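Structure, please.
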Amino acid sequence: MKLLLKIAFRNMLRNLRRSLMTGSAVASGALALLLFGGFAAYIFAGLETNNVQRIGHLTVFRAGYFLVGAGNPAAYGIDKYQDVMRLIERDRVVGPMINVITPTQSLVGIAGNFSGGAEASKTFLGTGLIPSDRERMRQWDEFRAGVRYVPDRRMSDDDPSRGLIGIGLARVLGLCGPLGLAGCPSLPVATAPSAQVADVPSPELTALAARELTADQPDTGQIPRVDLLAATAGGAPNVVQLSIGGAEPQGAKELDDNFIAMPLGLAQQLVYGRGEHRATGLVLQLHRSEDMPAARARLNAIFKENRLDLDVRDFGELSPFYVQVVKMFSSIFFFIAMVMGVIVLFAVINTMTMNVMERTNEVGTIRALGVRRAGIRAQFTVEGVLIGAIGATVGAALACTIAALVNYAGLTWIPPGNATEVPLRLAVAGHPLLLFGAWFGLAIVTTLAALLPANRAARLPVVDALRHV
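Numbers count the residues shown, from 1 in each chain. This is a model prediction of the structure:
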């Protein structure tokens, strides 16, 4: 084998320019595959980090909520959810996997701003959560793909009446001035009962908000407030007042124009009133994403053993956009791999065919000396594989170098699903499976490409090969 490699290497150097051109094609294919693969891998890691920070790895719902419960979250609340949380935390299998477990409450209603002469209302999609748990979840960054963590004090467990609002909803409700948001048009001041509102007219909300404002002390203007109207679990209207600690973008206009986050207790008060407080979901954030299948299987077993009518969903089911992006970039990567494979295939076939034609006399001579067809076939095949292996190695080295330079440059961009800039990186060196897969794949392609000319050389009749001119 050592002699075979030595002969193949010398034959490769005999046609150095042709070998360099073929090796360059292989290196270009490896470079393109690895750079795009590293870019896609970083996008996947960033999207997963963003989703896990917001909604965790797994969420426990009451059975049926995922399909039909969004229209009436109160009817699908989890009874005695604190007992369920303790049951999960104390489990010897799931417990050690959990980083954060926290309850959430989903709700829909109408938000209104009637201060300062403004009169605007808008339907909203609200989420009740525990602020301290939210902060702990935002610190999760297993893949080092998130932005640098900055503590957020706009929501706090110490203030059960302060929440956050989407920038689009703040714009609609006329809160740009109090919140210090730029680029918002001013809303017309209501002068008559028939004044237009931003979205859905709500006489009930207007009356209830007016009663709340007259009962409370005059607003100092320091902290903007909105009134939230929703139907309780019993069907009665209920109103609470929410102080707005700030506005944050949500990455999608549909969500940005409707989003409100508030402390869990306030959301439960709005939905359940004086009745028993329940939770829409129990969010589980794990230490490692690879534990998600095992944790989900164990949770289903726990619920079955305890006869709990609960369902478990992962973040991919709750965020279809993540799955769509992964499938799209995976398809693009497969397409690029196919194109690069075809280019490398024909480049190697062309080079090896030219080598066979130029060395026909040589083939006849060594065949006359007693070398069998298998030896001829192996000689040309090893030569093609050697060109491919060297080219793929050079391409992988170039890809790692370029990726390191891009990562060091400090570039930023706004990926799909994000509302703020994040560092732009290429995750090449950190994915050995990607490196090995690209290198091995190109090596297989060059091997297959070299087999056809090698087989042709092995089948040459000795007499015809000796008299070839």
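
For the strand ranked longest in the chain, what is the distance to the chain centroid?
Determined from DSSP state E, the single longest strand within the chain is strand 98-113. Relative to the chain's own centre, strand 98-113 is displaced by 22 Å; criterion: C-alpha atoms, centre = their mean, to the nearest Å.

buried sites along it?
Residues 98-113 are the ones in strand 98-113 that count as buried (16 or more other C-beta atoms under 10 Å). Bear in mind the C-beta positions are built from the backbone N, C-alpha and C, glycine included.

How about stretch 365-381?
366-367, 376-381.

just stretch 308-317 next, same as before
Of the residues in stretch 308-317, those buried by neighbour count under the rule 16+ other C-beta under 10 Å are 308, 310-315.

May I see those residues arranged in TSV, with pLDDT as well?
What follows is the buried residues of stretch 308-317, written out as TSV (pLDDT from 0 to 100):
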residue	pLDDT
308	96
310	97
311	95
312	97
313	97
314	97
315	96
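
pull the helix or strand with minimum mean pLDDT from this structure.
helix 203-215 (a mean of 50; mean pLDDT, DSSP states H and E).

For the next helix-or-strand element following it, which helices and strands make contact with it?
Next in sequence after helix 203-215, counting helices and strands by DSSP states H and E, comes strand 225-231. Judged by 3 or more C-beta pairs under 8 Å, 6 or more residues apart in numbering; DSSP states H and E, the packing partners of strand 225-231 are strand 98-113, strand 120-129, helix 203-215, strand 237-248, helix 264-272.

Would you mind measuring from residue 17 to residue 72?
Applying C-beta to C-beta, to the nearest Å, the value for residue 17 to residue 72 is 74 Å.

Neighbour count for those two, which is higher?
The residue with more neighbours, out of residue 17 and residue 72, is residue 72; 12 against 7, by other C-beta atoms under 10 Å.

Quick check: mean pLDDT of the longest strand of the chain?
Strand 98-113 carries an average pLDDT of 95.

list the helices and strands it packs on?
Using 3+ C-beta pairs under 8 Å, 6+ apart: strand 98-113 touches helix 81-89, strand 120-129, helix 131-138, helix 203-215, strand 225-231, helix 264-272, strand 281-286.

Export the shortest one to CSV, keeping only CA atoms.
The one in question is strand 281-286. What follows is strand 281-286, C-alpha atoms only, in CSV (Å, rounded to 0.1, in the frame of the first residue of the first chain):
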residue,chain,number,x,y,z
GLY,A,281,-48.9,25.9,31.2
LEU,A,282,-45.8,24.8,33.1
VAL,A,283,-42.6,25.7,31.3
LEU,A,284,-39.5,23.5,31.7
GLN,A,285,-36.1,24.8,30.7
LEU,A,286,-33.5,22.1,30.8
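
Just after that strand, pick out the following helix or strand.
helix 292-305.

And the contacts of that following helix?
Residues from elsewhere that reach helix 292-305, judged by C-beta atoms under 8 Å, 6 or more residues apart in numbering: 57-58, 60, 87-88, 91, 93-94, 97-98, 284, 286, 308-310, 312, 314.

one step back: sheet-wise, list the partners of the longest strand of the chain with their directions.
strand 120-129 (antiparallel), strand 225-231 (antiparallel), strand 281-286 (antiparallel) (DSSP bridges).

Can you give me the domain boundaries for the chain?
Domain assignment of the chain by automatic domain parsing yields the ranges 2-48+323-466, 64-308.

Go ahead and list the helix or strand containing residue 155.
For residue 155, there is no enclosing helix or strand under DSSP H and E.

Which pLDDT value goes with the closest residue to residue 424 other than its chain neighbours?
Distance criterion C-beta to C-beta, 6 or more residues apart in numbering; nearest residue to residue 424, sequence neighbours excluded, is residue 411 at 4.1 Å. Listed pLDDT for residue 411 reads 89.

Double-check residue 411 against residue 423; I have them as touching.
Yes: the criterion here is C-beta atoms under 8 Å, and residue 411 meets it with residue 423 at 7.2 Å.

so where do the strands sit in this structure?
Under the criterion DSSP E, the chain contains strands at 58-62, 98-113, 120-129, 162-166, 225-231, 237-248, 259-263, 281-286, 310-314, 412-413, 422-423.

That'll do, ta.
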